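Visitor: predicted model, plus sequence, below.
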Amino acid sequence: MENVPKLAVIWLGAALAGAACAKGTIGGETEGSGAASSESTSSAATGAGGSTGSMSSAASMTGSSSGSGSAATSGSGSSSGSASGGAACTPIGDLSVMGGVGPCAANQNCPITIFTAVVANAPGPIVDVDVSLEAIAASTDQNVLKLRSPQGTLVTLFNHRGNFLTDDFFGTMFDDEAAQAVAMAPGPFNGCFKPEQPLSTFKGESAIGTWKLEVQTCLYQTTVNSWTLHLDF
């Protein structure tokens with residue numbers, strides 16, 4: 001008879017311990033899930049590269065969305081960043097000038113569509129040029145991108161890279177100081193890349209006048225949503 005109360009106490013103590021353990025595990029999973037989502041969002045910001053506005057929008061969506069929506073946003077950004085091979089970069093320049101946008105002509109003759117940006121004033125000769133780009137492309141291997149200065153100097157930024165599976169230029173930056181050359185990147189081309197030819201070719205020229213982004217597209221439609229010159233003097 002003396003053993004009965006002891007067994008009851010032991011059984012009750014084990015039950016209480018088990019309940020506490022279960023509660024701690026549930027709390028741990030919830031906290032871990034939140035931490036993972038936060039880390040994934042940070043990874044997305046790193047992978048997206050050069051698109052500060054886009055990252056701000058993603059952060060805002062994460063804050064206001066439900067858990068499942070946040071996970072979907074984070075996962076998509078992380079995947080895009082890891083696939084691109086291009087590190088994130090933030091454009092820094094004395095002057096940033098946005099160019100014209102729109103759809104590009106596309107057919108078997110590979111026509112060239114020209115988008116212009118006008119620089120009205122500049123404090124001196126060019127020291128450095130970077131170019132940021134947002135464009136929807138059905139297949140990047142159908143595209144050639146070139147930048148022409150007001151003096152007529154022509155630099156090739158991108159030349160038939162990727163394949164029929166690589167589409168779009170999202171948060172794309174062409175910068176001579178980038179860690180990876182676009183010619184060596186597998187695509188998609190999201191992030192910061194050294195162009196095909198150095199942008200330092202423009203060094204010493206006057207920036208004043210009309211700049212041209214020349215987009216050659218062969219069989220598949222491409223639409224330029226935005227592009228910006230970032231100039232240092």
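Guide: Received, thanks.

Visitor: how about the secondary structure of residue 228?
Guide: strand (DSSP: H, G, I helix; E, B strand; the rest coil).

Visitor: for it, what are its contacts?
Guide: Counting by C-beta atoms under 8 Å, 6 or more residues apart in numbering, residue 228 makes contact with 91, 96, 97, 98, 99, 117, 131, 132. For glycine as for every other residue, the C-beta is placed from the backbone atoms N, C-alpha and C.

Visitor: so what's residue 204 up against?
Guide: Residue 204 neighbours (C-beta under 8 Å, 6+ apart): 125, 126.

Visitor: look up phi and psi at residue 142.
Guide: phi -90, psi 0 (degrees, to the nearest 10).

Visitor: same question but for residue 202, I mixed them up
Guide: Main-chain dihedrals, residue 202, degrees, to the nearest 10: phi -80, psi -10.

Visitor: how close does it sit to residue 135?
Guide: Separation of residue 202 from residue 135 (C-beta to C-beta, to the nearest Å): 21 Å.

Visitor: now swap in residue 218 and tell me
Guide: As judged by C-beta to C-beta, residue 218 and residue 135 stand 15 Å apart.

Visitor: circling back: can you redo the contacts of residue 228 as TSV with distance to residue 162 and secondary structure?
Guide: As requested, the contacts of residue 228 are exported to TSV (distance: C-beta to C-beta, whole Å; DSSP: H, G, I helix; E, B strand; the rest coil):
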residue	distance to residue 162	secondary structure
91	23	coil
96	27	strand
97	27	strand
98	25	strand
99	23	coil
117	25	strand
131	18	strand
132	18	strand
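
Visitor: give me the buried subset of these.
Guide: Buried subset of the contacts of residue 228 (neighbour count, 16 or more other C-beta atoms under 10 Å): 91, 97, 99, 117, 131, 132.

Visitor: show me the beta-bridge partners of the fifth one.
Guide: It stands for residue 131. Per DSSP bridges, the residues bridged to residue 131 are residue 174, residue 229.

Visitor: spit out the contact partners of it.
Guide: With contact taken as C-beta under 8 Å, 6+ apart, residue 131 is in contact with 147, 157, 173, 174, 195, 199, 213, 227, 228, 229, 230.

Visitor: quick check, pLDDT for the nearest residue to residue 192 once chain neighbours are set aside.
Guide: The shortest distance from residue 192 to any non-neighbouring residue, by C-beta to C-beta, 6 or more residues apart in numbering, is to residue 89 (3.4 Å). pLDDT, residue 89: 75.

Visitor: same question for residue 194.
Guide: With respect to pLDDT, residue 194 has a value of 97.

Visitor: my read: it touches residue 158, true?
Guide: No - with contacts counted by C-beta atoms under 8 Å, residue 194 stays clear of residue 158, the gap being 10.9 Å.

Visitor: higher neighbour count, those two?
Guide: residue 158 (24 against 21; other C-beta atoms under 10 Å).

Visitor: work out for me the element the more buried one sits within.
Guide: For residue 158, the host element (DSSP states H and E) is strand 154-159.
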